[in-house]
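> With the input below, show me the fold.
(one chain, ligands or ions: 1)
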Amino acid sequence: MNTMNPTITSEADMPADTVIPVKDERPAETVIEEGTTVGVPLSDDPKFKLRNVEVFYGQDRAIKNVSLDIGRNEVIAFIGPSGCGKSTFLRCLNRMNDSIDICRVKGQLMIDEHDIYDPKRDVVELRARVGMVFQKPNPFPKSIYDNVAYGPRIHGLANRKSDLDEIVENSLRKAGLWDEVKDRLDATATGMSGGQQQRLCIARAIAVSPEVILMDEPCSALDPIATAKVEELIAEMSESYTIVIVTHSMQQAARVSNRTAYFHLGHLVEVNETDKVFTSPEHELTESYITGRFG
Ligand SMILES: Nc1ncnc2c1ncn2[C@@H]1O[C@H](COP(=O)(O)OP(=O)(O)OP(=O)(O)O)[C@@H](O)[C@H]1O
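Have a look, this model is predicted:
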């Protein structure tokens, strides 16, 4: 399966008598070909089919002709140097960029073969299907119970109090938080530890029965123990949801994801099975990044 830019070849492909040049240190823009689809479908029926996506902030092109399929129930990690467009691309998947006035998205972005950017699309419904967990835990200044119950209430998912209680309990269980909070559901969420708050935000996303969970550096504000808990949760959740995670931690990408996509200056340079990306990357830029030559 060729899952990378076919126009970029490796030194191994050269004839034996070729003088192998020193590593290409030219700026990335000169070695990434525009207009090439990078990443082949994971299956015939991907959850997301994203083609020739471009994102502009005013005149600046932050995402450059990116094409990618994201499979059902896969965990895919987006990695790459700061400012390469990981979060921008992630936010296209549930139209979180809509709130940025100068942001414009072009290309074809499909979820289950429906256009994410269809002007008639109900964005609130989209964001319930494609939930999001942010870098910094952001619980509402409400009780633990009300944080989780908020979404089901506004989406009318529970007719009776007992139904709502069940959703809250199930969501907290799935987020690995129930045993820690079951005796203080009325306590204010902002009094919890950072790790607990982040798992509460995950419970809040789960409560509206999403199909996809987007995670934008979900552990960057957490200590190693809280990080380990969230990573365990990602493994458990991958049985039920498609998960897209942006991370600066290559170890985290290696631990939690099935595939990894490497972004560079707005380009998607390489996407492949995570083991392959970290042990034998196909692109020189990926190798430079994972070996710490830049980042
Ligand atoms: N709201 C915005 N307005 C203008 N430009 C933006 C905005 N958000 C991001 N950008 C620009 O778009 C580019 C991609 O940024 P983005 O935050 O998506 O990258 P990233 O890879 O997620 O970075 P980081 O790892 O530092 O979070 C950068 O050049 C950034 O300055």
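> shaky segments in the stretch 101-250 of the chain?
Along the stretch 101-250 of the chain, segments meeting pLDDT under 70 are nowhere present.
> In it, what residue spans correspond to helices?
Per DSSP state H, counting those that start in this stretch, the stretch 101-250 of the chain has helices spanning 123-129, 144-154, 161-174, 178-181, 194-206, 224-237, 250-256. These are given in chain order.
> Identify whichever of those helices lies nearest to the ligand.
Nearest to the ligand, of all those, is helix 250-256, at 12.8 Å by Cβ to the nearest ligand atom. Using the backbone N, CA and C atoms, a C-beta is placed for each residue, glycine as well.
> Could you list the buried residues of the helix or strand that comes right after that closest one?
Once helix 250-256 ends, the next helix or strand along the chain (criterion: DSSP states H and E) is strand 259-264. The neighbour-count check on strand 259-264 (16 or more other Cβ atoms under 10 Å) flags R259, T260, A261, Y262, F263, H264 as buried.
> And for stretch 146-166?
Result for stretch 146-166 [16+ other Cβ under 10 Å]: buried residues D146, N147, V148, A149, G151, P152, L157, A158, L164.
> so T227 touches L233, yeah?
No: look at T227 against L233 with Cβ atoms under 8 Å: they stay out of range, at 10.6 Å.
> More neighbours: these two, which one.
L233 (22 against 19; other Cβ atoms under 10 Å).
> got the phi/psi numbers for the nearest residue to F263 once chain neighbours are set aside?
Spatial nearest neighbour of F263, excluding adjacent residues (Cβ to Cβ, 6 or more residues apart in numbering): G80 at 3.6 Å. Per-residue torsions, G80: phi 150, psi 160 (degrees, to the nearest 10).
> okay, now G80: neighbour count?
The local packing of G80 (other Cβ under 10 Å) involves 26 other residues.
> now F48
Using other Cβ under 10 Å: F48 sits among 22 other residues.
> Distance-wise, check it relative to V244.
Look at F48 and V244: by Cβ to Cβ, to the nearest Å, they are 8 Å apart.
> Which neighbours do those two have in common?
I70, L93, V212 (Cβ atoms under 8 Å, 6 or more residues apart in numbering).
> picking that back up, show me what contacts the residue nearest to F263?
So G80 contacts K86, Y262, F263, H264, V269, Y289 (Cβ under 8 Å, 6+ apart).
> Spell out which parts of this protein neighbour the ligand.
Y57, A62, G80, S82, G83, C84, G85, K86, S87, T88, I100 (Cβ under 6 Å from any ligand atom).
> what about the last one, neighbour count?
Same thing as I100. 12.
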